[in-house]
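Novice: One predicted model, sequence on top.
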Amino acid sequence: MATKTVSPVSAPTGGDVTLSKEEILRYSRHLIMPEVGMEGQLKLKRARVLLVGTGGLGAPLGLYLAAAGVGTLGIVDFDKVDFTNLQRQVAFGTSDVGRPKIEAAAERLGNLNPEIQVKGYETQLTSENALEIFRDYDIIVDGTDNFPTRYLVNDACVLLGKPNVYGSIFRFEGQASIFGYPDGPCYRCLYPEPPPPGLVPSCAEGGVLGVLPGIIGSIQAMETLKLILKTGEPLVGRLLLFDALGMKFRELKLRKNSDCPVCGQNPSVTKLIDYAEFCGIRGEEAPAPQTSVPEITPRELKARLDRGDDLYILDVREPHEYQICNIGGHLIPLGDLSRRANELDSAREIVAHCRSGKRSAEAAEFLRKAGFKKIWNLKGGILAWSDEVDSSVPKY
Amino acid sequence: MAVKIMIPTPLRAYVEKKDSVELQAGTVGEALAALTSQFSELRKHLYADDGRLRSFVNVYLNDEDIRYLQKDKTQVNDGDTISIVPSIAGGATR
């Protein structure tokens, strides 16, 4: 595990922490509030907070917690900054594309506040390293993007008795709460099991409105500060739901489940498990759907079209995706296919495609069962077409 | 009783993109049955094959989890709100 310490200042230690003249000036808007004051600011400086994930949620979390003077910030991520991150991951700039996220984030946070210590863990959080990494921190903040890591963070926090400041987003909607607080519920009290991979929304329905992670991540940052300062009412036993389109916040009651497999009276989970297996997947990707439909590669398709073969290109993406780019296919979104299959001529050879090949495999399988004999699935979808045949087709 | 069912973003595709559906029911179970008979595609997303509510979907009557009330048999009153709250995992979304 690569651990990088990126700070010119050594870690604050023990109870003899003080603020320098520069720090007093830097934190003056905190210090003049009685709810924070010198005592609160020193609590912040002594605090050790671990951010799991430096994506959309991690950006506001890291920036605000660093700015507020949280003395030790750990960040766990193994990814590199991607061009598509910049739409919402505001801790990164265009020049960071391609750099390891923890390196770019540590530099940004160190520049924002050189008084704090930033520790980067350039690794994937696993059942083997989670307890060891978490042990050095008071509060864990969950800013991940997948179910296996969320259950791993939850279970590790419960086993170590550390609070888990949770936030999650989907398109226009967000959730936030604090799990693993003494006598409070945990994530498994709320959701004992993850959804099976086939039922999570596909890439057609994914996406996230750029500001949303900023709002939910800021709520997590605020709850983290409140936990450190021991002030106000923490978001424990409550699930905050945010609907950006309706601009509505709602709150639901969360109860500690006495039968919870990890924090209940007779827990069955007493050590970390294999979370990929628990979530029914290996690694990050859901298994490819089982299909008996033959595949055609973009190069083969191009060659056949160039030869003048009579092929009917069926695009099963959504209309808004068609507007981004298309290869002249006939558009019938997957969800409409059962209703509109009569538009297709089963006598012709049909090549179905989508963005990456998953939805079109489903579509091709459906058509095959509906009696279409000459049906192909374009392997790798329009993304592969862009890579292998026509690089002028934009990728998204 | 007239109740409103709040539909979360991931499930709106199965209810003609509506954010809520209003209908008549006496219990939470009746309300969900009416909803899934009106929108049959929604059914497999709410219920497992054995007919039980899926474990990553929670149902609330107003702000209370029906698991801690009388579950499906929880009585509803005029003007109540039922919320379907599935787990979502996004955060970094690459």
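Specialist: Alright, I've got the coordinates.
Novice: what residues does the helix or strand bottoming out on mean pLDDT in chain B touch?
Specialist: Within chain B, no helix or strand scores below helix B:43-46, which has a mean of 88 by mean pLDDT, DSSP states H and E. Under the criterion C-beta atoms under 8 Å, 6 or more residues apart in numbering or on different chains, residues A:L199, B:L11, B:Y14, B:L32, B:T36, B:L53, B:R54, B:V57, B:I84, B:P86 lie in contact with helix B:43-46. In short, each C-beta sits where N, CA and C put it, glycine included.
Novice: Counting neighbours, what do you get for A:N111?
Specialist: Residues within reach of A:N111, counting by other C-beta atoms under 10 Å in any protein chain shown, total 9.
Novice: ok, and does stretch A:178-195 reach over to chain B?
Specialist: Yes. Using C-beta under 8 Å from any C-beta of the partner chain, a contact is recorded between stretch A:178-195 and chain B, made by A:L190, A:Y191, A:P192, A:E193, A:P194, A:P195.
Novice: can you list those residues in CSV and add distance to B:Q70?
Specialist: What follows is the residues of stretch A:178-195 next to chain B, written out as CSV (distance: C-beta to C-beta, whole Å):
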residue, distance to B:Q70
A:L190, 20
A:Y191, 21
A:P192, 20
A:E193, 23
A:P194, 27
A:P195, 25
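Novice: Now the buried members of those.
Specialist: Neighbour counting by 16 or more other C-beta atoms under 10 Å in any protein chain shown classes A:L190, A:Y191, A:E193, A:P194, A:P195 among the residues of stretch A:178-195 next to chain B as buried.
Novice: excluding its backbone neighbours, what's nearest the second one?
Specialist: Counting by C-beta to C-beta, 6 or more residues apart in numbering or on different chains, the nearest residue to A:Y191 once its immediate chain neighbours are dropped is B:S87, at 4.3 Å.
Novice: and the stretch 201-350 of chain A, which of its residues are near chain B?
Specialist: Checking the stretch 201-350 of chain A against chain B by C-beta under 8 Å from any C-beta, the hits are A:201, A:205-208, A:213, A:239, A:241, A:243, A:245-246, A:250-255, A:257, A:335.
Novice: Please pick the buried ones from the residues you listed.
Specialist: Buried by 16+ other C-beta under 10 Å: A:P201, A:G207, A:V208, A:P213, A:L239, A:L241, A:D243, A:R250, A:L252, A:L254, A:N257, A:G335, out of these.
Novice: ok so, going back, please identify the buried residues of the least confident helix or strand of chain B?
Specialist: Using 16+ other C-beta under 10 Å as the burial criterion, the residues of helix B:43-46 that qualify are B:H45, B:L46.
Novice: Could you identify the helix or strand that succeeds that helix?
Specialist: Following helix B:43-46 in sequence order, the next helix or strand is strand B:57-61 (DSSP states H and E).
Novice: neighbouring strands for the helix or strand following that following strand, and are they parallel or not?
Specialist: Counting by DSSP H and E, the next helix or strand C-terminal to strand B:57-61 is strand B:64-65. Its sheet considered, strand B:64-65 pairs with strand B:57-61 (antiparallel) by DSSP bridges.
Novice: Output the partner strand in PDB with nothing but the alpha carbons.
Specialist: Provided in PDB are the C-alpha atoms of strand B:57-61 (Å, rounded to 0.1, in the frame of the first residue of the first chain):
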ATOM      1  CA  VAL B  57     -36.100  -1.200  -1.100                       C
ATOM      2  CA  ASN B  58     -37.700   0.400   2.000                       C
ATOM      3  CA  VAL B  59     -41.200   1.800   2.200                       C
ATOM      4  CA  TYR B  60     -42.100   4.600   4.500                       C
ATOM      5  CA  LEU B  61     -45.500   5.800   5.600                       C
END
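Novice: Would you mind giving the domain segments of chain A?
Specialist: Following automatic domain parsing, one gets these domains for chain A: A:2-278, A:295-388.
Novice: Okay, now the shortest one: how far is its last residue from its first?
Specialist: Start to finish, the residues bounding domain A:295-388 are 15 Å apart (C-alpha to C-alpha, to the nearest Å).
Novice: Strands of chain B, start to end?
Specialist: Along chain B, the stretches classed as strands by DSSP state E are B:2-6, B:20-24, B:57-61, B:64-65, B:81-86.
Novice: The ones you listed into JSON lines, with extra columns for mean pLDDT?
Specialist: As requested, the strands of chain B are exported to JSON lines (pLDDT from 0 to 100):
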{"stretch": "strand B:2-6", "mean pLDDT": "97"}
{"stretch": "strand B:20-24", "mean pLDDT": "97"}
{"stretch": "strand B:57-61", "mean pLDDT": "96"}
{"stretch": "strand B:64-65", "mean pLDDT": "96"}
{"stretch": "strand B:81-86", "mean pLDDT": "95"}
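Novice: which SS class is the residue positioned nearest the centre of chain A?
Specialist: When C-alpha atoms, centre = their mean is applied to chain A, the residue found nearest the centroid is A:D145 (2.0 Å). Secondary structure, DSSP: H, G, I helix; E, B strand; the rest coil: A:D145 is coil.
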